[in-house]
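In: any chance you can model this:
(chains A, B, C and D)
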4 protein chains.
Amino acid sequence: MTAPISERLDDVESARESGRRKMDWAAQHMPICASLREEFETDRPFAGERIGMAMHVEAKTAVLAELLAQGGAEVAITGCNPLSTHDDVSAALDAVDGVTSYAERGVDDEAYYAAIEAVLEHEPTITVDDGMDLVAAVHEDYPELIDTIVGGAEETTTGVHRLRAMDADGELDYPVFAVNDTPMKRLFDNVHGTGESSLASIAMTTNLSWAGKTVVVAGYGHCGKGVAKKASGQNADVVVTEVEPRRALEAHMEGYDVMPMAEAAEAGDVFITTTGNRDVIVEDHFENMQDGVLLANAGHFDVEIDLDALASIAADTYEARDGVRAYEMADGRRLNVLAEGRLVNLATPIALGHPVEVMDQSFGIQAVCVRELVENGDAYDAGVHDVPDRLDKEVAEVKLAAEGVDFDGLTDEQAEYMDSWQHGT
Amino acid sequence: MTAPISERLDDVESARESGRRKMDWAAQHMPICASLREEFETDRPFAGERIGMAMHVEAKTAVLAELLAQGGAEVAITGCNPLSTHDDVSAALDAVDGVTSYAERGVDDEAYYAAIEAVLEHEPTITVDDGMDLVAAVHEDYPELIDTIVGGAEETTTGVHRLRAMDADGELDYPVFAVNDTPMKRLFDNVHGTGESSLASIAMTTNLSWAGKTVVVAGYGHCGKGVAKKASGQNADVVVTEVEPRRALEAHMEGYDVMPMAEAAEAGDVFITTTGNRDVIVEDHFENMQDGVLLANAGHFDVEIDLDALASIAADTYEARDGVRAYEMADGRRLNVLAEGRLVNLATPIALGHPVEVMDQSFGIQAVCVRELVENGDAYDAGVHDVPDRLDKEVAEVKLAAEGVDFDGLTDEQAEYMDSWQHGT
Amino acid sequence: MTAPISERLDDVESARESGRRKMDWAAQHMPICASLREEFETDRPFAGERIGMAMHVEAKTAVLAELLAQGGAEVAITGCNPLSTHDDVSAALDAVDGVTSYAERGVDDEAYYAAIEAVLEHEPTITVDDGMDLVAAVHEDYPELIDTIVGGAEETTTGVHRLRAMDADGELDYPVFAVNDTPMKRLFDNVHGTGESSLASIAMTTNLSWAGKTVVVAGYGHCGKGVAKKASGQNADVVVTEVEPRRALEAHMEGYDVMPMAEAAEAGDVFITTTGNRDVIVEDHFENMQDGVLLANAGHFDVEIDLDALASIAADTYEARDGVRAYEMADGRRLNVLAEGRLVNLATPIALGHPVEVMDQSFGIQAVCVRELVENGDAYDAGVHDVPDRLDKEVAEVKLAAEGVDFDGLTDEQAEYMDSWQHGT
Amino acid sequence: MTAPISERLDDVESARESGRRKMDWAAQHMPICASLREEFETDRPFAGERIGMAMHVEAKTAVLAELLAQGGAEVAITGCNPLSTHDDVSAALDAVDGVTSYAERGVDDEAYYAAIEAVLEHEPTITVDDGMDLVAAVHEDYPELIDTIVGGAEETTTGVHRLRAMDADGELDYPVFAVNDTPMKRLFDNVHGTGESSLASIAMTTNLSWAGKTVVVAGYGHCGKGVAKKASGQNADVVVTEVEPRRALEAHMEGYDVMPMAEAAEAGDVFITTTGNRDVIVEDHFENMQDGVLLANAGHFDVEIDLDALASIAADTYEARDGVRAYEMADGRRLNVLAEGRLVNLATPIALGHPVEVMDQSFGIQAVCVRELVENGDAYDAGVHDVPDRLDKEVAEVKLAAEGVDFDGLTDEQAEYMDSWQHGT
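Out: Got it, this is the predicted structure:
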């Protein structure tokens, strides 16, 4: 039986102190969670609930776990990836009243799943996932819990995708909110979070600047728009590649150069993929790139840059710099791949993932979704559910209030006027 | 019986020449229509069709009417507003093979409706409206035409709104495309068209500059985003007011100041309303504005600025400049209203409406919608229909090709990969 | 002997009213002049002085003339160009206490110079020029005035250029301030004034939009920077041509495409020259331009676009639109020249010249220069003088105060620290 | 006697390899140095010269030292700061033909100066300084070298300042180029280099984002303009504080909020000082700041934020995060100071200093200055000299060529036209 992290570390006190410091830093810059904390500490909405969590156990997530406990829940948490756990944060979290943390960095598969089981032994009434590990384990190994589970929340694109597949097959036996798909997340997380953190990670990994560079952004969805806008804001000359004509036109009308990747390959100094698709930059493109280019991926999976093809045509390859692998062609050109083509804002040695404020929004939605399950769980059938619009709006309102931003309301006359327009007379 | 415009003007030749010059200028900058012209002149998709149109008869619309005729249609057209017709353009259009134009500027109500009847006497098989005058007249006075009418297309927000109401009441007896609601229109027409033309019209009506000005943009929908972005791009300091918290947050995260209008009223130098709602700037706001402010509306109707209230509290009012009415308060402050609170990009003395390229996109959609009715009219039931996505995309592709912008396609492997994601495995 | 304008117009009252309305509009948006007015009305610095002016007599200049009179001066004014006078403004100005205006639109050469003589018959003690007409006439025909003239101020690049030549030849017999050359004028007038007004004039003359257009800006001095920045701010894709490598590099590092005009000629949709040099766009370039391009000049003289060459290779030429002349090539391409290659923000039919606020700054400097001549005229030898830095700064301070912008001062310790740095220890 | 670094390290081979890797990365992104390398390897302009250098011995500087050696010089180098040396780079440099490196990290004062002496024992004919250590040592301890020294080059503001003081006192006995003061350096190093690297360093040290933040930039010189522009380009809402009215007005006209620091202190989320002055943020300001603010300095010295005052009023202080010290007030507010108020782009744990491309420009100027001394040293008297304009332009041209950016030249007619304007006729 897996024990909580506190029982496994050598110097628990020092780890707790270090982890607490990290959590405090994050909490200081998470105004939405801070505002919800005030509400939850008063209302104790989660009293009597047991919440199981499987997420990246680092400072920002820890603030969410603590918040749920502060709302009265008994929280049991483990990691969702053996490499993303910060042991000090796990220890600090384990020391929080009402929280038990099993997450430990670098554990093997057996220990990883044992920790998930340890969480489920708490008999959670709510699951909070980042990759649906808990939902899967419940359905496979702990079906007896399903009756008492009110519902779950899932953070990631991948997790939501897999849940929808389960749902389509009629095999998802309790309601789960698709937190990933809310407007709040798409507009802020993708545009500002991915945009800023990808560029900062590239700059600090390479010591290079953006001014005057030709930056090729592959894909002009929310992530691509963010990367393009932020790169342009650093005085790069942005080139966009797209496959959807209206997005291509949108980029063109924004003032960017739009062209096929075959052409962009020759023009670019830096390439950033954001398409969510595979094989965006392939052998033919590598052949025509300039010496010294940077290749980075800001899309979910490491399938956008065809590294196998690159390796196969390279004469040599070596670590050019921490987080940068150079592929040297026979003609001497060096193509520099960051973070092995994985998410550049997460996978370079110095990367920190999404900015704190962006996770504050995502976790704010998680928290109100959990509250919704407790308060109105009966209203939701088994299956995947979009986050109700009013919850998404509530979090926006909380954020604005926390930032001291006031805005207008509709008068009755205005509401009636709009209503008459939207619904016909 | 109303006669075509050519039979009513004194100096037809000179009018035709002048109108033709205007049409040529527009056509020169309408690459989508130019591209469709090549297709239509070859394919003659409208051969045998009779198209009735009621639209603003000025140069850009004339290019659409001519295009439909070039595609084989017999076109009969009149104005949709007695004041928006350019007689010279009407005359030039009437001289086009296959087109009869009844539009004349400044006609009285009787003549206006007589012209609509004249169009319907052509027994159109397709109607193209800008305010649903033809649809209304057909249903009320020419119901016998309905059997042979394939369908219609409607350009405006108002028209679509009224059509949806008819449809809801079961009283719309043939299919009509809601051209106003396409992504192409919202993204380009509203953002770029409204944004640029509103600012240029204000600048050239007032001889004032944007740099350093505090510009209050009421509403952060597509129009508001366009106005804010373009004003910021002229070095104005932009303030946004909103009633929807996520839009307010979006504006805040973009870097704009967000505040209630009560506060913005004191800060602003220029106010531009884009909400589509009434009473956005009202008496309390006027009381706190600075001397010399400009008030302009870029929303559909002249209800956003409460001019009645302004008049009632003003000590004096006078024409400060062509297109600018000053309301002078008892304390000496002067509040300057542009274009009487009507659409500032259309209603100042020098205003030209939307830029040519923007109308090219709207009219390109109109044209392919008409083609769709001819080719697949049977597929559409009576009622309001969204423009099929493939038509919207087609026009984007035509525009990109016309601008010489090439873009990528999906490989089969990529299409399959995306597909597996979107629909589950 | 030329009589004041009031004695020559048919309907003086109505002209005065119209002119006054224009002056009031300008004055309302000239906070620097408004602030100086308060000072001057109290201090009467110009009491006893006679000020001769030869400037464009339109609303903004009229505010300056009135301001000088409000400061106690006897002002006599005439136009500096027979076509730029607004008779109504001239009449309104003539009605101002202490001002006599001789300016009349469309007069012939003889009447033009008679009006200059009429001004000089007032025996001015100070001259204010826009093109050095008064300085020239004094030196040539009224040398007896030189003894009592305290000094002058010159507004334009051309005037300053010619004055420096006179000065170099030892032929300038009283001190003249080169108002044109101050930092305030270069930074604001050129960057914001030229930038905004050129783009607005082009947009409203052509009914075209900027989004997605390739705009070629020739020259990356202050005017070019302004045009490029503002065009980019309307979502144009900006191309810069330059002859100075550091400016070219500056444009490149800003994120613009930099290339020779030979290459830009093929890429551009709109061309705007700002170099101050001749033959920037010539025959070879015209040969390679696309159909429908716009050609506009924002530099001082109409020498930047070689219209003679264009006319010589065109198959046809015609007025495509008010303010736009089309040159049609044998291959059907149409090249559209705005305002006959003259200053596009001044010479299209709807152009209004520089924005009011920009002229407020220029005229504020004029006014404090005149005050400086009165107060410290003895300190200046005959010759051209740069505007003293403290006057330029004073006007900046007045502007900031008028806009309600507060800023920091240096503490003694800070001043000492900076001083130790700048001058060594 | 100090020995070269290679004789002092334990594992020289591994250090050399690591250092070489760093140098190769830098060299790959220094096109100006690459272009000069081609020229120098052919021309060997430095054959017979001995160049003494005292600079930060890290990868970018190493590329300059190697470049000078490739041009034929015998180079001896040591560090200019005991903490900025990278031993591996020093070792790699020492292995370069013609280079001897004495730089070692963390040496004590005695060893530091012994290394400077070791460099001077090479009897340099040219000195290249970053803080005038060599110039000072020559004048104080090795005056006998002065006769054979052709001249020197100095990189820093501080060094140039001290040299000008020596010069004013008549105590500088050979010519030194003030490399710091060139237009190329001010426009690119300050605007783009400081701007981008400061923001990236702050983002990656704090894991915070810029979107929606109020960022207070103190000072609107070149550095401040860069920081403001880049922060705005990441969607921050920028506030500027200034003491010079024209700069304040420039910021206001750019669209930024301008206010005194006393007011900005309450509004800001992040504060970045760039003034070059002391006491920019002081006790009164700290008292009014919000909880959680970030305080960073991008100016030369750590005097801009008054940390003594901050410490004196803080109830507690602790390391909130690597590179971030929190000062906790009695009322619970936490003020977070980055890098102890030292240059934030250089002094946080992850900081990398200026981007490689920016140093490429500075070092390109250094290299052509050294060449100028060799070729035309006789033309320069003892004292501080501005870098000749033609050298600054040459480096701009080299950079443009290296980036593949072509630009226009003047025709004879154009040159004559401009000339007639600039010098009078």
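
In: so what's residue A:76 up against?
Out: With contact taken as Cβ atoms under 8 Å, 6 or more residues apart in numbering or on different chains, residue A:76 is in contact with A:50, A:51, A:52, A:53, A:99, A:100, A:101, A:102, A:118, A:119, A:122, A:124. Glycine gets a C-beta too; all of them are placed from N, C-alpha and C.

In: residues in the stretch 301-425 of chain A within reach of chain B, list them.
Out: A:303, A:392-393, A:396-397, A:399-400, A:403, A:405-411, A:413-414, A:417-418, A:421, A:424-425 (Cβ under 8 Å from any Cβ of the partner chain).

In: could you redo the last one with a cut-off of 10 Å?
Out: Residues of the stretch 301-425 of chain A found near chain B (Cβ under 10 Å from any Cβ of the partner chain) are A:301, A:303, A:357-358, A:361, A:389, A:392-401, A:403, A:405-411, A:413-418, A:420-425.

In: out of the residues you listed, which are buried?
Out: By neighbour count, with 16 or more other Cβ atoms under 10 Å in any protein chain shown, these hold A:303, A:357-358, A:361, A:392-400, A:403, A:405, A:407-408, A:410, A:414, A:417-418 as buried.

In: near chain D, from those residues?
Out: Near chain D, by the rule Cβ under 10 Å from any Cβ, you find A:357, A:358, A:399, A:403, A:405 out of those.

In: mind listing what whichever residue of the stretch 51-200 of chain A sits closest to chain C touches?
Out: Nearest residue of the stretch 51-200 of chain A to chain C, counting by Cβ to the nearest Cβ: residue A:199, 13.9 Å away. Residues in contact with residue A:199 (Cβ atoms under 10 Å, 6 or more residues apart in numbering or on different chains) are A:210, A:215, A:226-227, A:230-231, A:233-234, A:236, A:270, A:272, A:296, A:298, A:344-345, D:196, D:199-200, D:203, D:234.

In: contacting residues around the residue nearest the centre of chain A?
Out: Geometric centre of chain A, nearest residue: residue A:156, 6.4 Å, by Cα atoms, centre = their mean. Neighbouring residues of residue A:156 by Cβ under 10 Å, 6+ apart: A:55, A:80, A:129, A:130, A:131, A:132, A:162, A:163, A:178, A:179, A:180, A:300.

In: now, those residues that are in strands?
Out: Of the contacts of residue A:156, the ones assigned to strands by DSSP state E are A:129, A:178.

In: which among the contacts of residue A:156 gets closest to residue B:353?
Out: Residue B:353 lies nearest to residue A:180 out of those, by Cβ to Cβ, at 42.1 Å.

In: what about that closest one, distance to chain D?
Out: Taking Cβ to the nearest Cβ, to the nearest Å as the measure, residue A:180 falls 19 Å from chain D.

In: re the thing from before, helix/strand/coil for the residue of the stretch 51-200 of chain A closest to chain C?
Out: Following DSSP: H, G, I helix; E, B strand; the rest coil, residue A:199 is assigned to helix.

In: could you do residue A:2 as well?
Out: The three-state assignment at residue A:2 reads coil, by three-state DSSP.

In: surely it meets residue A:122?
Out: No - counting by Cβ atoms under 10 Å, residue A:2 sits too far from residue A:122 to count as a contact (11.8 Å).

In: of those two, who's got more company?
Out: residue A:2 (21 against 17; other Cβ atoms under 10 Å in any protein chain shown).

In: so how far is chain B from that one?
Out: Applying Cβ to the nearest Cβ to residue A:2 and chain B gives a distance of 32 Å.

In: then residue A:321?
Out: Look at residue A:321 and chain B: by Cβ to the nearest Cβ, they are 30 Å apart.

In: how about that residue, nearest residue that isn't a chain neighbour?
Out: residue D:25 (5.1 Å; Cβ to Cβ, 6 or more residues apart in numbering or on different chains).

In: what about the one you found, distance to chain C?
Out: Counting by Cβ to the nearest Cβ - residue D:25 and chain C are separated by 21 Å.

In: identify the bridge partners of residue A:101.
Out: Following DSSP bridges, residue A:101 is listed with bridge partners residue A:77.

In: that older thread, which of the buried ones among the residues of the stretch 301-425 of chain A next to chain B fall in strands?
Out: Using DSSP E, no member of those sits in strands.
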